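Using only what follows, build the 3D model:
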Amino acid sequence: MEDSVKLNILQELIQINTVNGHEQPAAEYLKQVLSDHGIESDLIALAAGRTNLVAEVGEQEGPVLALAGHLDTVDVGDSNKWQHNPFCGQVIDDAIYGRGSVDMKGGLAAMVNTLIELKEAGLPKHGKVRLLATVDEEIGGLGSLELTRQGLVRDVDAMIVGEATTNRLEYAHSGSFDYRVKSYGRLAHSSDPSLGINAVANLDRFFEYERHAFDDVKASPSLGSLIHSVTVFHGGRQLNSIPDYAYLEGNVRTIPEFDNTAVQNRLQTLVDRLNAEMDGQFELEVVASFMPMATDPADPFVSLVQQSYQTVAGQSLPLAVSHGATDASRYVLDEHRFPIVEWGPGREEMSHQVDESLSVAEYLQADQIYLQIAKDFLVMTKKQVGDQDRKLPLARPAGFAAILSRF
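Model (predicted):
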């Protein structure tokens with residue numbers, strides 16, 4: 001596969017506006033690209049204009065390697081602040097510019113190229129490589145959740161998520177739990193507050209309790225301390241009225257040892273306590289919930305990826321963790337255990353930025369790294385992959401089936 005063809009695929013992918021909610025044209029484009037190279041793929045609709053893509057090479061029994069990426073991007077913001085058109089896909093010197101070049105059309109295009117090169121080489125002879133391209137990663141992860149619900153990772157033995165990782169191998173990331181607490185009071189004139197119930201004052205009591213709600217949670221060996229913050233506080237409509245409604249919103253970066261289910265239970269206990277102690281009423285609402293992901297850094301797949309990277313790039317690939325959440329948060333909800341790592345081209349700090357750009361050289365090398373990983377992985381037998389004693393399995397809540405059913 002010529003470098004010019006690889007670059008053209010990424011350019012055309014960037015030129016398709018896939019700001020979250022409008023991913024279908026990119027899925028259809030990649031389906032055509034794969035078809036042009038003799039690879040069949042399935043489009044799995046989530047909603048109008050929103051379509052996941054799943055493709056696979058290999059027909060023989062053996063281990064299954066999943067290459068996972070997402071089609072959507074964040075919004076461009078104020079386009080007048082961009083020096084280059086956000087959807088130009090223009091190459092200047094060694095950089096390709098455009099929204100999603102780093103997060104994560106570069107990684108996704110490299111994975112598409114990997115499938116094509118495997119097909120052209122008549123590979124794999126043993127096992128399968130499956131591409132999962134999803135919608136909605138940037139907001140709700142509903143695309144990967146749907147693929148998980150449909151069982152499309154049930155037979156997977158290992159997965160690479162192609163997010164930009166600044167040439168580090170991420171074996172774990174925090175979860176993210178977004179919540180809203182609503183406080184209901186009783187309206188009254190501010191000249192006689194005793195006639196009302198101040199929803200703002202009541203909510204402030206929750207805020208005070210929340211600050212110490214997780215003091216007893218021990219740090220994770222892999223991800224460190226659980227991080228929690230109240231980030232939004234709203235209440236009141238008129239200066240001379242006792243407010244009858246207020247709400248706050250918070251975010252918790254969860255860890256495997258105290259995951260999203262445990263956080264929700266802790267917050268609900270706090271709400272229940274305040275409802276019993278105070279006039280007024282509190283209500284907890286879950287806004288979004290992404291589970292933490294943790295793979296044992298001693299897992300053989302972690303070492304295999306590092307060795308494959310060394311073979312192609314000629315340098316080591318250090319291990320790292322992240323405090324952001326990805327589609328891996330959805331894939332770990334499946335009852336089947338398998339290691340997940342994250343590696344992709346690009347510098348993480350360029351994600352979501354004005355004039356987002358990716359090194360062309362890094363992009364062109366990425367599919368060679370994925371290709372080497374696939375080749376090295378597929379010589380492993382199913383037993384070697386599936387029977388590993390994983391000391392730190394992927395984190396999932398005890399009630400993961402219930403979580404799946406809520407969406």
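
Thought residue 47 was touching residue 23, still the case?
No: Residue 23 lies out of contact with residue 47 (CB atoms under 8 Å); the separation is 10.0 Å. In this view, the C-beta of every residue, glycine as well, is placed from N, C-alpha and C.

Give me the more crowded residue out of these two.
Here residue 23 and residue 47 are compared on neighbour count by other CB atoms under 10 Å; more neighbours surround residue 23, at 29 against 14.

Pull the contacting residues for that one.
49-51, 71-72, 135-136, 143 (CB atoms under 8 Å, 6 or more residues apart in numbering).

For ChimeraX, write a command that selects the buried ones of these.
The ChimeraX command for the buried members of the contacts of residue 23 (criterion: 16 or more other CB atoms under 10 Å) is given here:
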select :50,51,71,72,135,136,143
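
secondary structure class for the nearest residue to residue 371 once chain neighbours are set aside?
Among residues not flanking residue 371 along the chain, residue 114 sits closest, at 5.1 Å (CB to CB, 6 or more residues apart in numbering). Following DSSP: H, G, I helix; E, B strand; the rest coil, we place residue 114 in the helix state.

Look at residue 63 and say how many residues are nearby.
By other CB under 10 Å, the residues close to residue 63 number 26.

Could you measure from it over to residue 79?
Separation of residue 63 from residue 79 (CB to CB, to the nearest Å) stands at 45 Å.

Quick check: residue 30 is in a helix.
Yes: under three-state DSSP, residue 30 sits within a helix.

Could you look up the SS state of the residue nearest the centre of the chain?
Centroid-nearest residue in the chain: residue 326, 1.2 Å away (criterion: CA atoms, centre = their mean). Residue 326 falls in the coil class when you classify it by three-state DSSP.

list the contacts for it?
Per CB under 8 Å, 6+ apart, neighbours of residue 326: 137, 161, 163, 173, 293, 342.

Give me the neighbour count for residue 300.
Residues contacting residue 300 under the criterion other CB under 10 Å number 16.

Once you drop chain neighbours, what's closest to residue 191?
Here the residue nearest residue 191, using CB to CB, 6+ apart, is residue 240, at 7.6 Å.

Residue 190 is in contact with the one you found, correct?
Yes: in this structure, residue 240 is within contact of residue 190 by CB under 8 Å, at 4.6 Å.

So for those two, which residue has more residues nearby?
For residue 240 versus residue 190, the count of surrounding residues by other CB under 10 Å is larger for residue 190: 13 against 7.
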